[in-house]
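K.L.:
this one's sequence-less:
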């Protein structure tokens, strides 16, 4: 059996290569240590097993990481042709693959994963409180739990259980596989939207320096937009 890939880049190495200096390294700002350092793209923007999935039998797979490699190969060719002032894609398949590549720049990142964790936890806690409005309802829930599962809830105080829920005195762990499924669903949806939009490719002189981040898919608000920044998206006119 082939060895599974463990070092998963959430920013493609070929993408980071376009930001290196004369020393072949990128300048990285670490938001945790508040320090700058220079490092090679091969050691930048990656997490071990970030896209590894485990099935019900406990078998691990790096198929998603390998799929990313194929997608990135196509995207690299498209960008190189655009650099040469040529048509980026040669057929509809390449256009779709490039669109998926762009969409994944939004969904394959740790930022997207953290957002889904936060949203999943919020929904779980909110739903739990709605389902347990009082200790009396919790007592009925525990009784139904025993009938449905055959497991005993003896020794569990309905009031204490209710207090744990309403006091947020517990942890919520969102399975990584669940967020990966959301990532794939969101990417397909976003790619379909991007395919309907007009695209403009803007280039700059070679001696310009640029900044990227671990969340490189950026949406800017329409001119004069003064509402909550979270209230606009890719389909907002003027965004």
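P.N.:
In hand now; what should we look at? Bear in mind that the values here come from a model prediction, so they are computed numbers and not experimental data. Residues are numbered from 1 along each chain as shown.

K.L.:
now the helices for this structure?
P.N.:
13-17, 63-83, 92-107, 110-131, 135-149, 158-166, 176-194 (DSSP state H).

K.L.:
deepest-packed of those helices, please.
P.N.:
Ranked by mean neighbour count, the helices of the chain are led by helix 92-107 with a mean of 19 (mean count of other C-beta atoms under 10 Å). Glycine gets a C-beta too; all of them are placed from N, C-alpha and C.

K.L.:
which of the helices and strands in this structure ranks last by mean pLDDT?
P.N.:
Every helix and strand of the chain was ranked by mean pLDDT, DSSP states H and E. The lowest is strand 53-54, at a mean of 90.

K.L.:
residue 225 versus residue 233, what's the distance?
P.N.:
Distance of residue 233 to residue 225, given as C-beta to C-beta, to the nearest Å: 12 Å.

K.L.:
who has more neighbours, the two?
P.N.:
residue 225 (14 against 10; other C-beta atoms under 10 Å).

K.L.:
just list the residues touching the more buried one, thanks.
P.N.:
232, 238 (C-beta atoms under 8 Å, 6 or more residues apart in numbering).

K.L.:
next, give phi and psi for it.
P.N.:
Phi and psi for residue 225, reported as degrees, to the nearest 10, are phi -70, psi 120.

K.L.:
could you shift the numbering so residue one becomes 625, and keep it that way?
P.N.:
With the count now opening at 625, the last piece we talked about shows up as residue 849.

K.L.:
any idea how far residue 726 is from residue 811?
P.N.:
10 Å.

K.L.:
again with residue 706
P.N.:
On the measure of C-beta to C-beta, residue 706 and residue 726 end up 13 Å apart.

K.L.:
what do you get for residue 701?
P.N.:
Residue 701 is 14 Å from residue 726, by C-beta to C-beta.

K.L.:
cool, residue 666 as well?
P.N.:
Distance from residue 666 to residue 726, by C-beta to C-beta: 23 Å.

K.L.:
give me the low-pLDDT residue ranges for the protein?
P.N.:
625, 853-854 (pLDDT under 70).

K.L.:
what do you get if the cut-off is 80, keeping everything else the same?
P.N.:
625-626, 830, 850-855 (pLDDT under 80).

K.L.:
and the contacts of stretch 837-847?
P.N.:
634-635, 639, 669, 726-727, 729-730, 733-736, 853, 856-858, 860-863.

K.L.:
and that stretch, what's buried?
P.N.:
840, 841 (16 or more other C-beta atoms under 10 Å).

K.L.:
same thing with stretch 647-661?
P.N.:
So, applying 16+ other C-beta under 10 Å, buried residues of stretch 647-661: 649, 650, 652.
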